[in-house]
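Colleague: what follows is a predicted structure for the sequence shown.
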Amino acid sequence: MNTLSNKKENEHLDPVCGMVASSEIPESKYQGKDYYFCSEHCKEQFDANPEEFNG
Ligand SMILES: [Zn+2]
């Protein structure tokens, strides 16, 4: 039974804005983890201050 998963398996969340990332290719890496973003703008924010969005 699936109660709470409308989420597609290949979707990745943008850690900056919380939206589903548009790309399936990781655009940034931080402490060995891959991160995906909805836009270049969010990637820039993450890269500027990854600790704020990590976790
Ligand atoms: Zn975003």
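Modeller: Done, it's in. Numbering: from 1, shown residues only.
Colleague: could you use CA atoms for every contact and neighbour count after this?
Modeller: Fine.
Colleague: skip the chain neighbours and tell me the closest residue to the residue nearest the centre of the chain.
Modeller: For the chain, the residue nearest the mean C-alpha position is residue 14 (2.8 Å; CA atoms, centre = their mean). Nearest residue to residue 14, sequence neighbours excluded (CA to CA, 6 or more residues apart in numbering): residue 37, at 4.6 Å.
Colleague: wait, isn't that neighbour in contact with residue 21?
Modeller: Yes. With contacts counted by CA atoms under 8 Å, residue 37 reaches residue 21, the gap being 4.7 Å.
Colleague: more neighbours, those two?
Modeller: Legend: neighbour count by other CA atoms under 10 Å for residue 37 and residue 21, higher for residue 37 (27 against 21).
Colleague: look at the more buried one and report its pLDDT.
Modeller: pLDDT recorded at residue 37 is 94.
Colleague: please apply the same query to the one 3 residues further on.
Modeller: Residue 40 carries a pLDDT score of 94 in this model.
Colleague: likewise the one 10 residues further on?
Modeller: Residue 50 is assigned a predicted lDDT (pLDDT) of 95.
Colleague: any idea how far the closest residue to it other than its chain neighbours lies from residue 45?
Modeller: What sits nearest to residue 50 in space, not counting adjacent residues and going by CA to CA, 6+ apart, is residue 30, at 7.2 Å. For residue 30, the distance to residue 45 (CA to CA, to the nearest Å) stands at 13 Å.
Colleague: what touches both of residue 37 and residue 21?
Modeller: 13, 14 (CA atoms under 8 Å, 6 or more residues apart in numbering).
Colleague: good, wrapping up.
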